[in-house]
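Peer 1: Need the 3D shape of this:
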Amino acid sequence: MSLASCNPGINLSDYLRRCALGKNIIVVPGIRDLIINIKSIISNLNQITSKRNKRRAKRGYDKN
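Peer 2: Presented below is the predicted three-dimensional model:
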């Protein structure tokens, strides 16, 4: 049995580091999907903000 099948929510480096430090290893099912979704939302928000700031800069003013 591989490490990946035992601990699907944690990478090898984190697993070994926590074992070496004697810390508990907690695996939350579905956390990777949640992180991917949050990263997508953040990326979309950054794109919207960037486009808005570029339009404001073109118009030449800083007020809302």
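Peer 1: Do a quick rundown of the helices in this structure.
Peer 2: Taking DSSP state H as the test, the helices found in the chain are 3-6, 12-21, 31-59.
Peer 1: Redo the ones you listed as a markdown table? Include mean pLDDT and mean neighbour count.
Peer 2: C-betas here are computed from N, CA, C, even on glycine. Output for these, formatted as a markdown table (pLDDT from 0 to 100; neighbours: other C-beta atoms under 10 Å):
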| stretch | mean pLDDT | mean neighbour count |
| --- | --- | --- |
| helix 3-6 | 51 | 10 |
| helix 12-21 | 85 | 11 |
| helix 31-59 | 92 | 10 |
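Peer 1: My understanding was that residue 18 contacts residue 25; is that so?
Peer 2: Yes. Look at residue 18 against residue 25 with C-beta atoms under 8 Å: they come within range, at 5.2 Å.
Peer 1: shared neighbours of the two, which are they?
Peer 2: Common contacts of residue 18 and residue 25 (C-beta atoms under 8 Å, 6 or more residues apart in numbering): residue 10.
Peer 1: For the residue lying closest to residue 29 once chain neighbours are set aside, give its distance to residue 55.
Peer 2: Nearest residue to residue 29, sequence neighbours excluded (C-beta to C-beta, 6 or more residues apart in numbering): residue 9, at 6.9 Å. Look at residue 9 and residue 55: by C-beta to C-beta, to the nearest Å, they are 41 Å apart.
Peer 1: May I have the residues that are in contact with residue 41?
Peer 2: Under the criterion of C-beta under 8 Å, 6+ apart, residue 41 has no neighbours.
Peer 1: Could you check how far residue 32 is from residue 20?
Peer 2: Per C-beta to C-beta, residue 32 is found 23 Å from residue 20.
Peer 1: Right, I'll leave it there.
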